[in-house]
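# would you be able to build a 3D model of this:
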Amino acid sequence: MVKFSIFQIRDIAVTKYAFRDWFLAVKDFDFHDYKKVYDGEVSLDGYNSPRIACEDLFCKFNRTDFNKVPDDFHGRSMSVSDIVVFYGKESKSVWYCDGFGFLELDEEVLGGYMPTAD
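Numbers count the residues shown, from 1 in each chain. Next up is the predicted model:
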């Protein structure tokens, strides 16, 4: 099992890159615009890459029926510009929800913040 966190933009009304593809967001991106909305665990066994796991998380958290998401999910329906961070004892990766799928980003975009596995 690998731990993961989902981050969403705090104030979509004033963050001009909210819901934008990475190539439009990158020039204004600031991780301080984000808040953590969920922590969980997922098995990456059977996935060819964490990107595919991100797609499954997107299906789970991109919902209009919030009765199907975990009770401790404190965000809106998952969408473009959301970030998924996977972190384990041996690896960490950061994924940006782009217009078509997920794009892996360098850890540096998090501005020094990185969850650690217990």
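
# what's around V26, how many residues?
13 (other Cβ atoms under 10 Å). Every residue, glycine included, has its C-beta placed from N, CA and C.

# mind listing the helices for this structure?
Per DSSP state H, the chain carries helices over the ranges 22-25, 50-61.

# what's the most buried one of the ones you listed?
Counting by mean count of other Cβ atoms under 10 Å, helix 50-61 has the highest mean neighbour count of the helices of the chain, with a mean of 18.

# just the C-alphas of the lowest-mean-pLDDT helix or strand in the chain, formatted as PDB.
The weakest-scoring helix or strand in the chain, judged by mean pLDDT, DSSP states H and E, is helix 50-61 (a mean of 89). C-alpha atoms of helix 50-61 as PDB (Å, rounded to 0.1, in the frame of the first residue of the first chain):
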ATOM      1  CA  PRO A  50       1.000   5.600 -10.900                       C
ATOM      2  CA  ARG A  51      -0.600   7.500 -13.800                       C
ATOM      3  CA  ILE A  52      -3.200   4.700 -14.100                       C
ATOM      4  CA  ALA A  53      -3.800   4.800 -10.400                       C
ATOM      5  CA  CYS A  54      -4.500   8.500 -10.700                       C
ATOM      6  CA  GLU A  55      -7.100   7.700 -13.300                       C
ATOM      7  CA  ASP A  56      -8.800   5.300 -10.900                       C
ATOM      8  CA  LEU A  57      -8.700   7.900  -8.200                       C
ATOM      9  CA  PHE A  58     -10.200  10.400 -10.600                       C
ATOM     10  CA  CYS A  59     -13.100   8.000 -11.300                       C
ATOM     11  CA  LYS A  60     -13.700   7.600  -7.600                       C
ATOM     12  CA  PHE A  61     -13.500  11.300  -6.600                       C
END
